[in-house]
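A.B. asks: kindly return the folded structure for what I paste below:
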Amino acid sequence: MVDELLHSIPRLWRGSRVPESARRTLPTGFAELDRELPGGGWPLGAVIELLVSTIGIGELQLLLPALRELSLAGNHVLFIHPPYELNAPALHAAGVDLDRLLVIGAEDGRDILWAAEQALRNPACGAVILWARGADRQFSDDKVRRLQVAAQDGQSILFLYRLGRKPISRWAALRIELLPAPEGLQLSVLKAAGTHRRPQVHVPL
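C.D. replies: Okay, here's the model as predicted:
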C-alpha cells in the first residue's frame, strides 16, 4: 500500500532511485564523466549547477559536445548574461549550429529569470545557459524551483554557472564544482539526484 502511494507521486524522490526527470539524459560527450553520472549524462528536465572558481577556465568547453548535439537536432540554445563575448568561430569549429544559438544580454534580475523560464518551457529550446555573476539574491530557492519546474515541463536543461563553492538552491538535480587542471578540468560531483556517490573526474579539453 505504501509502495503504491510512493509510486503514484512521480516527483517524489527516494534515495534508492533516480527521479523521473533524471531518467532521460543527454550524453556529456566525455565518457569518463558519463560513467559517473546517473543515467549516463546530463539529466533532461533539470537544473544543473556548475560552480567555478573563476571565469574562463574552460567551463563552456565542457558543454560543447552537448550543445553540438542539441543544435544539430534542431533545438535552440539560449545564453543569458554571458560574462564574455561568445567565440563564434570556436563554436562553429566544435560543430555547433550557430543558427540555433540565441544570446540575451539582459542585466535586470526580473528580465533574466523571466527569459529563462519562458525559454525552458518552450519545446524548441534544448538548453539555457545562465551566469549568476554575483547576483545570488536573484536566485532564491523559490525562484530556482520555478526554473526547475519550467525545465521539467519543457524537458530542457538549465546550466547555471556560479562563482564560488556555495550552492544556490536545493532544487538543482546535479551540482558540480569545476577546477582548472592540466589540459582540462577537475570535476567534483557535489550532488547528483539518484545516488549518494561523490566522484571526482578529470575531463581533458
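
A.B. asks: the strands in this protein, which residues?
C.D. replies: 25-26, 42-43, 46-52, 76-80, 101-104, 125-131, 157-163, 174-181, 184-192, 200-204 (DSSP state E).

A.B. asks: list the helices and strands the second one packs on?
C.D. replies: So the one you mean is strand 42-43. Applying 3 or more CB pairs under 8 Å, 6 or more residues apart in numbering; DSSP states H and E, we find strand 42-43 packed against strand 25-26. All C-beta spots, glycine's among them, are computed from the backbone N, C-alpha and C.

A.B. asks: so what's the residue nearest the centre of the chain closest to, chain neighbours aside?
C.D. replies: Centroid check for the chain by CA atoms, centre = their mean gives F159 as the closest residue, at 2.7 Å. Leaving aside its chain neighbours, F159 sits nearest to I129 (4.7 Å; criterion: CB to CB, 6 or more residues apart in numbering).

A.B. asks: now do R162
C.D. replies: In space, R162 is closest to A132, 4.4 Å off (CB to CB, 6+ apart).

A.B. asks: can you check L63 too?
C.D. replies: Closest to L63 by CB to CB, 6+ apart is F159, at 6.2 Å.

A.B. asks: same deal with T195?
C.D. replies: Closest residue in space to T195, ignoring its immediate chain neighbours: P38 at 5.2 Å, by CB to CB, 6+ apart.

A.B. asks: likewise for N75?
C.D. replies: Closest to N75 by CB to CB, 6+ apart is G126, at 2.9 Å.

A.B. asks: burial count for that neighbour?
C.D. replies: 25 (other CB atoms under 10 Å).

A.B. asks: which ones are touching it?
C.D. replies: 70-71, 73, 75-77, 156-157 (CB atoms under 8 Å, 6 or more residues apart in numbering).

A.B. asks: what's the end-to-end length of stretch 42-54?
C.D. replies: Across stretch 42-54, the terminal residues are separated by 22 Å (CA to CA, to the nearest Å).

A.B. asks: rewinding a little: tell me which residues form a beta bridge with the residue nearest to the centre of the chain?
C.D. replies: Per DSSP bridges, the residues bridged to F159 are I48, I129.

A.B. asks: tell me how far it lies from Q118.
C.D. replies: For F159, the distance to Q118 equals 17 Å [CB to CB, to the nearest Å].

A.B. asks: same question for L44.
C.D. replies: L44 is 18 Å from Q118, by CB to CB.

A.B. asks: the two: which has the busier surroundings?
C.D. replies: Comparing L44 with Q118 by neighbour count (other CB under 10 Å), the higher total belongs to L44, at 21 against 14.

A.B. asks: now the more buried one: closest residue in space, sequence neighbours ignored.
C.D. replies: Closest to L44 by CB to CB, 6+ apart is R24, at 4.4 Å.
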